[in-house]
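[1] okay, structure incoming, though there's no sequence with it:
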């Protein structure tokens, strides 16, 4: 992780593992059309760097 000491930046690291029950619930929501995905931006492959930057902002809506 980068050193953020002395700055207003904050850095975190997290590892998660998908569990079978959670994946089944997500599959059930998708199958029943209750899972909604909002696509904010569509970019061409040439702008993959920009897409990655957008993804790293942590924005969820």
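    Sure thing, it's come through. Every value quoted in this text rests on a predicted model; they were computed, and no experiment measured them.

[2] look up the pLDDT of residue 50 for me, please.
    Looking at residue 50, its pLDDT stands at 92.

[3] how many other residues sit next to it?
    12 (other C-beta atoms under 10 Å). Yep, even glycine has a C-beta here, placed from its N, CA and C like the rest.

[4] and it, what element?
    Per DSSP states H and E: residue 50 is located in helix 48-55.

[5] name the residues of that helix that are buried.
    Buried residues in helix 48-55, counted by 16 or more other C-beta atoms under 10 Å: none are found.

[6] ok, and what's touching it?
    Under the contact criterion C-beta atoms under 8 Å, 6 or more residues apart in numbering, helix 48-55 has outside partners 40-41, 43.

[7] just the ones of those in strands?
    Taking DSSP state E, every one of the contacts of helix 48-55 sits outside strands.

[8] neighbour-wise, which one of these leads?
    Busiest of the contacts of helix 48-55 [other C-beta under 10 Å] is residue 43, holding 12 neighbours.
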